[in-house]
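K.L.:
starting from these lines, generate the structure:
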Amino acid sequence: MPTFWHPLPACLAPCAGRAAALALSAALALSAPALAQDPLPLTDVRSGQRGYGLSVFTGTEPEKFEVEVLGVLRNSMPDSSYILARLTGRNLEQTGVIAGMSGSPVYIDGRLAGAVSAAWPFSREAIALVTPIGEMQSLSALPPGLPVQPMAAAGGAEPLLEALLAGKAPLDLLERRLSELQPRAASGAAVGLQWSAAGFGGEALDLMRRTLGGVAPAGQAAPGAGAEALVPGSAVAGVLVDGDLRLAVTGTVTERRGDEVLAFGHPFLGVGPVSLPMAPAEVLTVLSSQFSSFKISSFGEPVGAFDQDRQPGMRGRIGTRAPMVPMVVEIDGRRFNTRFAPLPQVAPVLVALTALGCLQTAGHTAGAQGFDLDATFRLAGHEGLRLRQSFDGDQAAVESAVYLLAAVGFLAQNRLEEVAFEGVEARFTRSERPRTAALVGAHADRTLVRPGDQVGVNLDLVAYRGEPFRRAVTVEIPADIPTGRYSLFVGDGSTIDAARFQIEPAVPETFAQALELLGSLHSRRDLVVLGVYGGRGLSVAGRVMPRLPGSIRSLWGAAASGSALPLRLAVAQQDSEALNVPIEGGVRIDLEVRRREPVAAEDGAATEGEAAPPAATPPSPPAAAGEKSAPPPPPAGDGPEKRAE
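P.N.:
Predicted structure coming up:
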């Protein structure tokens, strides 16, 4: 059962007239620093004590609710305790603890005791965990300006790179990454952050609701709210996405001392140093729910930044600026301008959700359709990375969003170099129906060739829900190719890229190598021809060195270099051309190369007139989803046609 953190917007008892409410709010703001100077130690908290809390239930003015201490849960986690309390008043008897109240300050005997931080879904009473103020104030001792450290993806960033090389990431990747953002409280309590979203379509919202427990609608707060609005009990937001689409985590201010703000009473990600825009929020209403009531709120422009995210809560500073990365999404010419917080832990999810939300807003994400994606990632200190890919079918929109997640995830969380994003652009071209044609076979006009020859290759394809058709391509055999078997891999860009990396595996050892590798990827709209022959080489330090003399290979072997990987095949050529529709599938055509005149043998290679030594058998192209792998090839010369099964 999903659990929820309940950020509590502070509310004061209703006053007769607007003037009285303003006066009371001002009094609270003035008295908050005094209360903060005399906190109530946890050792002085006893069962049966009564006090009050502050939170916003509507508008921006904090209001009072009543608090009764039920006891203290000591050492719920090592060196961490909670006050267990019953909350009443402000209709909490009916709503229970409200998501969005996290951080609501609790006062006992006129002294700040802690912040409401968590509760239990489906509870018949408003029973809450209160984080002791002493633990929250420990955040004040942390120095400002600590660097934000990237958080490794679950399983590392390498699976994300593999997904990009394959041209398709797992469909459930976005859902799994979203679920990692839901923290848990002690004692089985619900730590469900109050997420507030605006502009996102149904697919993105459904994903967030399933994984994060609940997402409330949000809007743009009325202009004018500034730093003075952040007082104990007021609503506050950590802004994740801003612009045409908006996403934030909302909670409540616990304490303010000068420019320092303590809030939430629980972590967001719990990763320590962060840089997240902090903005005042306005509560429109509270929506009662049997599972977990929540606030519908709007948030304004940032007035500071959160810089610490730890178990006791979050610390922010007024006047500090947290940078955001501009992101442009274009769909058939319609442009969306957004910004996202470049936290390495959440940036991949934010980019994917933003893209999915824009796709929903500009059209639809359900039903069979097609998308061509052209994405550019601008990185500080590096040339921009451009990735192109096509997606077709019932899940085309989600697949394209997940592909963006894999790209940003690898860049942000790679182990090679810390990356600073300067901008992301994602341009989509939509087709109302799938377009991918299946490549079912190919044959060459001859199998015996000489270096420099031009060979005609006929491809057999079947259109989506259409008729078979044929496409002819011409392949020029390299002039320096040795005598012997020469195999052509022909197919869509993703399939042939996968074959290329199988033949010449090279794990990047520098970030520049990783960018070069990613920049070499092809789209399913590319028809790619790969020429491969038997040639011993090495893959060393992220670089491929084919056709090495035996003496060089021996030296590497004697050095016992762990970074050297022996290769039995070499890529001689790679040609590509853009198609008007995506294709899927790959075939292999085996040729026999003979030269017109003898050439010097290399590592025992035969000259003309001699029998060629047995060549390494090239692998078959990876089978498309749902297809069988191609059988091992017959010896060269058995026939020109190799058909995919």
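K.L.:
who's in contact with L530?
P.N.:
488-490, 496, 499-500, 503, 571, 573-574 (Cβ atoms under 8 Å, 6 or more residues apart in numbering). All C-beta spots, glycine's among them, are computed from the backbone N, C-alpha and C.
K.L.:
how is this structure divided into domains?
P.N.:
What automatic domain parsing lists as the domains of the chain is 325-431, 437-593.
K.L.:
A helix includes Q360, no?
P.N.:
Yes. The assignment for Q360, made by DSSP: H, G, I helix; E, B strand; the rest coil, places it in a helix.
K.L.:
now do the contacts for it.
P.N.:
Taking Cβ under 8 Å, 6+ apart, one finds 200-204, 397 in contact with Q360.
K.L.:
how far away is it from F428?
P.N.:
In this view, Q360 and F428 are 12 Å apart by Cβ to Cβ, to the nearest Å.
K.L.:
cool, and R310?
P.N.:
39 Å.
K.L.:
re the thing from before, mutual contacts of Q360 and F428, please.
P.N.:
With Cβ under 8 Å, 6+ apart as the test, Q360 and F428 reach no residue in common.
K.L.:
right, and M324 touches P277 too?
P.N.:
Yes. The criterion here is Cβ atoms under 8 Å, and M324 meets it with P277 at 6.6 Å.
K.L.:
any idea how many residues pack against the nearest residue to G491 once chain neighbours are set aside?
P.N.:
Nearest residue to G491 in three dimensions, chain neighbours excluded: G586, at 2.8 Å (Cβ to Cβ, 6 or more residues apart in numbering). Residues contacting G586 under the criterion other Cβ atoms under 10 Å number 27.
K.L.:
about what we covered before: how about the domains of the chain in TSV, adding distance to F65 and mean pLDDT?
P.N.:
As requested, the domains of the chain are arranged in TSV below (distance: least, Cβ to Cβ, whole Å; pLDDT from 0 to 100):
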stretch	distance to F65	mean pLDDT
domain 325-431	31	93
domain 437-593	52	84
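K.L.:
deepest-packed of those, please.
P.N.:
domain 325-431 (a mean of 21; mean count of other Cβ atoms under 10 Å).
K.L.:
distance between the ends of that domain?
P.N.:
Domain 325-431 has its terminal residues 29 Å apart, counting by Cα to Cα, to the nearest Å.
K.L.:
now do the helices in the stretch 201-350 of the chain.
P.N.:
Under the criterion DSSP state H, counting those that start in this stretch, the stretch 201-350 of the chain contains helices at 202-212, 347-362.
K.L.:
D259 is nearest to which of those helices?
P.N.:
helix 347-362 (26.7 Å; Cβ to Cβ).
K.L.:
may I have the helix or strand that comes right after the closest one exported as CSV, CA atoms only?
P.N.:
Downstream of helix 347-362, the next assigned helix or strand under DSSP states H and E is strand 369-379. This file holds the C-alpha atoms of strand 369-379, laid out as CSV (Å, rounded to 0.1, in the frame of the first residue of the first chain):
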residue,chain,number,x,y,z
GLN,A,369,0.7,6.2,-34.0
GLY,A,370,4.3,7.1,-34.9
PHE,A,371,6.8,9.7,-33.7
ASP,A,372,10.2,10.8,-35.1
LEU,A,373,12.3,12.3,-32.4
ASP,A,374,15.2,14.7,-33.0
ALA,A,375,16.8,15.6,-29.6
THR,A,376,19.8,17.9,-28.9
PHE,A,377,21.5,18.1,-25.5
ARG,A,378,23.8,21.1,-24.9
LEU,A,379,26.5,20.3,-22.4
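K.L.:
partner strands of strand 369-379 and their direction?
P.N.:
According to DSSP bridges, strand 369-379 forms sheet pairs with strand 385-393 (antiparallel), strand 421-431 (antiparallel).
K.L.:
the nearest residue to H382 once chain neighbours are set aside: which element?
P.N.:
Spatial nearest neighbour of H382, chain neighbours left out: L515 (6.2 Å); criterion: Cβ to Cβ, 6+ apart. Using DSSP H and E, L515 maps to helix 511-519.
K.L.:
who touches that helix?
P.N.:
Under Cβ under 8 Å, 6+ apart, the answer for helix 511-519 is 161, 164-165, 382-383, 385-387, 407, 410, 414, 416-417, 419, 506, 508, 542-543.
K.L.:
chain center to stretch 195-209: distance?
P.N.:
Centroid separation for stretch 195-209 versus its chain: 15 Å, with Cα atoms, centre = their mean, to the nearest Å.
K.L.:
quick one: buried residues of it?
P.N.:
195-201, 203-205, 207-208 (16 or more other Cβ atoms under 10 Å).
K.L.:
ok, now stretch 94-114?
P.N.:
Buried, per 16+ other Cβ under 10 Å, within stretch 94-114: 95-108, 111-114.
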